[in-house]
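Student: below: sequence and its predicted model.
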Amino acid sequence: MLDIKFIRAEPALVQAGAAKKRIAVDVDAILALDKQVRELGVVIDDMRSRQKSASKRIGEAPAAERPRLAEEQKREKAALQEQEREHSALQARLRELLLRVPNVPAAEVPEGRDDSENVEVKRWGTPRSFDFEPRDHIALGELHDWIDVERGARIAGSRNYFLKGDLSLLEGAVLRFALDRMVAKGFLPMSVPTLVRSDVMVGTGYFPGGVEQAYRCDERDDLCLVGTAEVPVTAYHQDEILDGQSLPRKYVAWSSCYRREAGTYGKDTRGLYRVHQFQKVEQVIVDVADPARSLAHHHDIVRNAEEVLEAFELPYRVVNVCGGDLGAPQVQKFDIETWMPSRRAYGETHSASRFHEYQARRLNLRYRDPEGVVRVCHTLNNTVAASARMLIALLENHQEADGSVRLPAALRPYMGGRERIGAR
RNA sequence: GGAGAGAUGGCUGAGUGGCCGAUAGCGCCGGCUUGCUAAGCCGGUGUACUCCGCAAGGGGUACCGAGGGUUCGAAUCCCUCUCUCUCCGCCA
């Protein structure tokens, strides 16, 4: 959420930012409503002030006088209550609108309509040229009985799966490697709730825009399954005022992630690329409100992910996500795409975002600076490793003609020292 | 699931209808005292919105877990909910 004061000061900037993101917003209408809310607020504050002093006088008046004075106050009160009802309706409407105002994208965000216009900023490694007909991960999974999508679908519907044997172990190895690496960099590991209240989904910016993408419990419990550990970790300090000295806070969390994938019928239906549940190690940073520091963190968290891919010996590229492909909350986003032979393309495996105040303001996540001033924090996050897609890349890139899969050196200690899996 | 107790400012903890945005202590900040430190003394110390002011600053309103209600007036009374703790039951 943007600061309403910022919107008042820079309406054109906000309107232009929304346009760059291809998100419809009427800034003028919001400002008109804001003005209305404030004007009525002044009236109400004034009425309450009179009400309070009148009540005080009644308390001090002789008992005989009180009933008559109270009677007068009753009429005043009715008028006040009517204004209050009007005011809170307007405030609620304003908040609804504000929750949908997108964050202003950075100048470095490229213009563009959709992901086809994202701009590649880096490429590492070279996609391997096979001297045999490479299998896709599903074929490899069937060959070794590592993946069972049929029973997954029978148990839980389409886009659900079982991982078995060495692939299940490999999933754990990938995630644990990623986690260990981040801990070594000073990130605090956390185990987190994956079922959260919907105000946390609003706070992190997923709601109201992304309600369709989240699994929700029924009306007995106001809880949602998170699509990423970013949600509980970023909301960890909700409603707190942190000591500025304690920032930045760097967290890393391993969690299951749940996505409804509404509106993706017929898209990526084969295999583990687009699934309803997967596991992910996520890095989150909370820091002071300094755009330069946020930017530096952004580069760092991208680099952290790159190092994991390099350790896995997987070719990747980094793209600067264009305005039209950017979500409402982000200032800027870099996606890392890893080479996937079956797609004959790079597929998104990581997403690194910086938000400035957008999430923190919704979460009421603040800190006290050295001068004692309370400010809203900045937040950022990025994937470190996400299980299903990382497994696709590892299987497909490191497969051999006989269907076995070579393990990169980094993963061997996590796989009992083995150099390959699926050897016959 | 059953029974009970609770939720107040950074923390501890008073406050059962008007004198309470809230006693006191601790912590923190400033000052004084003092070879240094410790102790002591004095003062200050919540958040949000809003109005006035160039500013320093000042005024108003709201907030005592959340939401409703009673009342001229609610931290205080009533209702609902959430959370915490204790005991019992069940259970990974």
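Tutor: Yes, it's here.

Student: poorly predicted segments of the stretch 151-300 of chain A, please.
Tutor: By pLDDT under 70, the low-scoring segments of the stretch 151-300 of chain A are A:219.

Student: smallest gap between it and RNA strand B, at which residue?
Tutor: Scanning the stretch 151-300 of chain A for the residue nearest RNA strand B gives A:I241, at 6.5 Å (criterion: Cβ to the nearest atom of the strand). Placement of C-beta: from N, CA and C, glycine included.

Student: show me what contacts that residue?
Tutor: A:I241 makes contacts with A:R366, A:Y367, A:R368, A:V374, as judged by Cβ atoms under 8 Å, 6 or more residues apart in numbering.

Student: partners of it in the sheet?
Tutor: Beta-bridge pairing for A:I241 (DSSP bridges): A:R366.

Student: got the domain ranges for chain A?
Tutor: Listed by automatic domain parsing, the domain ranges of chain A are A:4-99, A:115-421.

Student: of those, which stretch is the most buried?
Tutor: Highest mean neighbour count of the domains of chain A: domain A:115-421, a mean of 19 (counted as mean count of other Cβ atoms under 10 Å).

Student: how long is that domain end to end?
Tutor: End-to-end distance of domain A:115-421 (Cα to Cα, to the nearest Å): 35 Å.

Student: same deal with stretch A:269-289?
Tutor: Stretch A:269-289 has its terminal residues 42 Å apart, counting by Cα to Cα.

Student: centre of the chain to that stretch, how far?
Tutor: Relative to its chain's centre, stretch A:269-289 lies at 9 Å (Cα atoms, centre = their mean, to the nearest Å).

Student: stretch A:415-423 too?
Tutor: Centroid separation for stretch A:415-423 versus its chain: 35 Å, with Cα atoms, centre = their mean.

Student: which residues are contacting that stretch?
Tutor: Applying Cβ under 8 Å, 6+ apart, the external contacts of stretch A:415-423 come out as A:140, A:143-144, A:146, A:166-167, A:169-170, A:173, A:400, A:402-407, A:412.

Student: narrow these to those in helices?
Tutor: Within those, residues falling in helices by DSSP state H are A:L140, A:L143, A:H144, A:D166, A:L167, A:L169, A:L170, A:A173.

Student: of all those, which two lie farthest apart?
Tutor: Pairwise distances across the ones in helices among the contacts of stretch A:415-423 (Cβ to Cβ) peak at 19.8 Å, for the pair A:L143 and A:A173.

Student: now the closest residue to A:R113 other than its chain neighbours, what's its secondary structure?
Tutor: Nearest residue to A:R113, sequence neighbours excluded (Cβ to Cβ, 6 or more residues apart in numbering): A:G324, at 4.2 Å. What DSSP: H, G, I helix; E, B strand; the rest coil gives for A:G324 is helix.

Student: A:I138 too?
Tutor: Applying three-state DSSP: A:I138 is helix.

Student: skip the chain neighbours and tell me the closest residue to it.
Tutor: Excluding the flanking residues, the one nearest A:I138 by Cβ to Cβ, 6+ apart is A:G271, at 4.7 Å.

Student: which ones are touching A:D243?
Tutor: A:Y367, A:R368.

Student: now with 10 Å, please.
Tutor: A:D243 makes contact with A:Y367, A:R368, A:D369, according to Cβ atoms under 10 Å, 6 or more residues apart in numbering.

Student: do the same with A:A410
Tutor: A:A410 makes contact with A:A173, A:V174, A:F177, A:R181, A:E307, A:V308, A:E310, A:A311, A:F312, A:E313, according to Cβ under 10 Å, 6+ apart.

Student: one more pass at 8 Å, please.
Tutor: Listed by Cβ under 8 Å, 6+ apart, the contact set of A:A410 reads A:F177, A:A311, A:F312.
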